[in-house]
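*Asks:* Predicted model, plus sequence, below.
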Amino acid sequence: MPRQVKAMRGPTLRCKGWRQEGLLRMLENTVENGEKPEELVIYAATGKAARNWEAFDRIVASLKVLEEDQTLAVQSGKPIGVFRTNRETPLVVMANANLVGNWANWETFWDLEARGLMMYGQYTAGSWAYIGTQGIMQGTFENFAECARLHYGGSLKGRLVLTSGLGGMGSAQPLGVTWNGGVVIICEVDEEKTRRRLEAGLVDRMTHDVDEALHMALQAKERGEALSVALVANGAEVSNLLALKGIVPDVVTDQTSAHDALNGYYPAGLSLQEADELRRTDPQEYIRRSMETIALHVRAMLEFQSKGAIAFEYGNNIRGQARAAGVADAFRIKGFVQLFARPSFCVGRGPFRWVALSGDPADIEAIDRELIRMFPDDANMVRWLGLAGRVPHVRGLPCRTCWLGYGPRAEAGVMINRLVREGRLSGPVAMTRDHLDTGAVAQPTRETENMRDGSDAVADWPLLNALLNASAGADLVAIHQGAGSGMGGSISAGVTLIADGDPASDDRIRRVLMSDTGIGVLRHADAGYEDAVELARREQLLLE
Ligand code: NAD
């Protein structure tokens, strides 16, 4: 019988305080939301929350006895030791999948992993901050909105988007497109998973037939109706077929786990079962075929681009893999952060999120209402909170993502702690964020691609972010390597805070959320972005 984990709900404490209990529920919630929870695999093919079940059980046992003035150290998903620190320092610090530069390649990692010495933490899997598709929903919606604003007069109405991957993150794409008025065909090889997305309301239609998918999509496009069609098929094969038929989508991207050619991407010409069998029996041959298919996939994207489609990479390193497989001009396609998200990062704005530890969805609604009362002029935020309630809630504790920047993020955090204190929520709230955030990551093919000063690969910033957040008194601080760009592709930092309602927590929350966003503003100011320089000057963040 595979193990199942469900996050504890309600007022009962199993730990010595809510800060510890909150982190424990976040770990449980991450597993509850996972794609393959029985293997502790959360998302992005192999991103895990703990190294193995023994490590998981020991983390849980440690959190249950952890005092407020102690810190638990976790190394690649395995608990290592508990240290006496103080009440203002993190309860948990962790480092996941960090390899010394020259050794940061998949062969070394897979060897270490097979010997039980490491774990791939991705972003929010290893740092226990995963909240399922909801976590990426707003970012996906805003990216498509920005794409529409830049290229199609502010709407995707009457536009066709072609993409792939209905995984943990990729499943946000269909709603991201249809909420912007567009039509999307999304290819996914896994029939069972596709059906789950359909049942969850994340996609409108499902078919195995390319012609049927095209018929539905083109008809909706013609009528200017929003529609998402999941096509159970290989994205590379479908893209090439469309190219042959002379059909050019208006927007093309991909969110398979192409960063991992072995575990995250399915090669063409094989059924799902045949591919899974080949992966087991001949991994080298699997990788060869996978890389060959990725090359085909990106060549089709480039062809669409040359015929007028807006093509972008959605953070899965498909361009890097294609280049390695011989597609020399793969980087003619640009990345989504550079194209759509950077202006937000410049002002410290990024995917902040919170989780109702009580399990009561009314807590999330109460916070929504208070936020709208506090920031009535933030049109983006108000529009998003109106839509966010429509994201199907499939599993896990009730939660919300809301992009907030330097200043408002701290004000929101203190407000949430006040609501807990005043008994206006049913319980404490965990506040956290994606590692894909303003100052928390160096990933030269994604978040820091084409920085104005060429500092794309400088990883000092996320390390400073983690050090600052620990100094400021966050409850959990994590440093990760790898993530969506694969081994050697990025260094990032995660952070979590528990709003336990204690007045003493107000100051800690303010300090952490100001440093977490402030270092992002400074990172972009240092690179020469005017909005960041101006904000940093106004807030006196810059050392003159
Ligand atoms: P996942 O592994 O849960 O899902 C990937 C899906 O792609 C799977 O369902 C798989 O069956 C499908 N797939 C693989 N090869 C395919 C092919 N050739 N054709 C059609 N379907 C195929 O991964 P995820 O969590 O959804 O993340 C996807 C990628 O996006 C990862 O590389 C991840 O690092 C990246 N990512 C992007 C962002 C972002 O902000 N855009 C954030 C996190 C992760």
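*Replies:* Yes, it's here.
*Asks:* Every contact and neighbour count from this point should use C-alpha atoms.
*Replies:* Noted.
*Asks:* now stretch 53-68, how far from the chain's geometric center?
*Replies:* Remark: stretch 53-68 is offset 25 Å from the chain centroid, using C-alpha atoms, centre = their mean, to the nearest Å.
*Asks:* Could you pull out the buried residues of it?
*Replies:* Neighbour counts over stretch 53-68 (16 or more other C-alpha atoms under 10 Å) mark A55, F56, I59, V60, S62, L63, K64, L66, E67, E68 as buried.
*Asks:* distance of the residue nearest to the first one when sequence neighbours are not counted from L72?
*Replies:* Taking C-alpha to C-alpha, 6 or more residues apart in numbering, and ignoring the residues beside it in sequence, A55 has K78 as its nearest neighbour in space, at 5.1 Å. According to C-alpha to C-alpha, to the nearest Å, K78 and L72 sit 11 Å apart.
*Asks:* what about these two, which has more around it?
*Replies:* Counted by other C-alpha atoms under 10 Å, K78 and L72 do not tie: K78 has more neighbours, with 26 against 22.
*Asks:* surely that one meets K48?
*Replies:* No. Counting by C-alpha atoms under 8 Å, K48 is not a contact partner of K78; they are 11.2 Å apart.
*Asks:* Do me a favour and average the pLDDT over stretch 90-98.
*Replies:* Regarding stretch 90-98, the rounded mean pLDDT is 98.
*Asks:* now swap in stretch 411-421 and tell me
*Replies:* For stretch 411-421, mean pLDDT is 98.
*Asks:* what's next to it, contact-wise?
*Replies:* 367, 371, 425-429, 431, 499-503, 505-506, 509-510, 513 (C-alpha atoms under 8 Å, 6 or more residues apart in numbering).
*Asks:* What subset of those is buried?
*Replies:* 367, 371, 425-429, 431, 499-501, 505-506, 509-510, 513.
*Asks:* Can you name the two of these that sit furthest apart?
*Replies:* The largest separation in the buried ones among the contacts of stretch 411-421, counting by C-alpha to C-alpha, is between S426 and L513 at 23.4 Å.
*Asks:* which SSE is A125 in?
*Replies:* Under the criterion of DSSP states H and E, A125 resides outside all helices and strands.
*Asks:* M206: what secondary structure?
*Replies:* Secondary structure for M206, judged by DSSP: H, G, I helix; E, B strand; the rest coil, is strand.
*Asks:* so it makes contact with E192?
*Replies:* No. In this structure, M206 is not within contact of E192 by C-alpha under 8 Å, at 11.2 Å.
*Asks:* Got the domain ranges for the chain?
*Replies:* Domain ranges of the chain: 18-114, 133-544, per automatic domain parsing.
*Asks:* With distance to S127 as extra columns, can I get the ones you listed in JSON lines?
*Replies:* Below are the domains of the chain laid out as JSON lines (distance: least, C-alpha to C-alpha, whole Å):
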{"stretch": "domain 18-114", "distance to S127": "7"}
{"stretch": "domain 133-544", "distance to S127": "6"}
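*Asks:* For the longest strand along the chain, give the mean pLDDT please.
*Replies:* Taking DSSP state E as the criterion, the chain has its longest strand at strand 491-499. On average, the pLDDT along strand 491-499 is 98.
*Asks:* in that strand, what's buried?
*Replies:* Applying 16+ other C-alpha under 10 Å to strand 491-499 flags I491, S492, A493, G494, V495, T496, L497, I498, A499 as buried.
*Asks:* Using TSV, lay out these together with distance to the ligand.
*Replies:* Formatted as TSV, these follow (distance: C-alpha to the nearest ligand atom, whole Å):
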residue	distance to the ligand
I491	13
S492	12
A493	14
G494	13
V495	16
T496	18
L497	21
I498	23
A499	26
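*Asks:* from the residues you listed, which is closest to S485?
*Replies:* Of all those, S485 sits closest to I491, with 10.1 Å by C-alpha to C-alpha.
*Asks:* surely the closest one meets G439?
*Replies:* No. Between I491 and G439 there is no contact under C-alpha under 8 Å: 11.2 Å.
*Asks:* Now do the shared contacts for the two.
*Replies:* The contact sets of I491 and G439 overlap at P462 (C-alpha under 8 Å, 6+ apart).
*Asks:* what about the strands in the stretch 401-544 of the chain?
*Replies:* Secondary structure of the stretch 401-544 of the chain, counting by DSSP state E, counting those that start in this stretch: strands at 429-433, 441-442, 476-481, 491-499.
*Asks:* out of those strands, which comes closest to A527?
*Replies:* Among these, strand 441-442 sits nearest to A527 (C-alpha to C-alpha), with 13.0 Å.
*Asks:* Quick one: residues contacting W53.
*Replies:* W53 neighbours (C-alpha under 8 Å, 6+ apart): L40.
*Asks:* I'd like the distance between it and A328.
*Replies:* To A328, W53 is 43 Å away according to C-alpha to C-alpha.
*Asks:* likewise Q443?
*Replies:* 20 Å.
*Asks:* Mind checking which of the two has more residues around it?
*Replies:* The residue with more neighbours, out of Q443 and A328, is Q443; 25 against 13, by other C-alpha under 10 Å.
*Asks:* now the more buried one: how far from V394?
*Replies:* Per C-alpha to C-alpha, Q443 is found 30 Å from V394.
*Asks:* Name the helix or strand of the protein that has the lowest mean pLDDT.
*Replies:* Lowest on mean pLDDT, DSSP states H and E among the helices and strands of the chain sits helix 379-388, with a mean of 89.
*Asks:* Run through who's touching that one.
*Replies:* Helix 379-388 is contacted by residues Q138, D368, I372, P376, R400, C402, W403 when judged by C-alpha under 8 Å, 6+ apart.
*Asks:* ok, so of these, who is nearest the ligand?
*Replies:* Within these, the smallest distance to the ligand is 10.1 Å, found for Q138 (C-alpha to the nearest ligand atom).
*Asks:* near the ligand, which residues of this protein show up?
*Replies:* 43-45, 164-170, 187-190, 233-236, 255-259, 264-267, 314-316, 483-484 (C-alpha under 6 Å from any ligand atom).
*Asks:* Which of those fall within strands?
*Replies:* Of these, the ones assigned to strands by DSSP E are Y43, S164, C187, E188.
*Asks:* With adjacent residues omitted, what lies nearest to R3?
*Replies:* Excluding the flanking residues, the one nearest R3 by C-alpha to C-alpha, 6+ apart is E38, at 5.5 Å.
*Asks:* returning to that earlier point: could you give me the PyMOL selection string for whichever of the contacts of helix 379-388 are buried?
*Replies:* Filtering those down to the buried ones (16+ other C-alpha under 10 Å) takes a single PyMOL command:
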select buried, resi 138+368+372+400+402+403
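*Asks:* Could you provide the contacts of helix 379-388 in TSV, with additional columns for pLDDT?
*Replies:* Supplementary listing: those in TSV, determined by pLDDT from 0 to 100:
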residue	pLDDT
Q138	91
D368	97
I372	96
P376	95
R400	95
C402	94
W403	93
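*Asks:* Would you map the helices across the stretch 251-400 of the chain?
*Replies:* For the stretch 251-400 of the chain, the helices defined by DSSP state H, counting those that start in this stretch cover 272-281, 283-306, 318-324, 336, 342-346, 361-374, 379-388.
*Asks:* So which elements touch the second one?
*Replies:* In this case it means helix 283-306. Here helix 283-306 touches helix 235-245, helix 272-281, strand 310-313, helix 318-324, going by 3 or more C-alpha pairs under 8 Å, 6 or more residues apart in numbering; DSSP states H and E.
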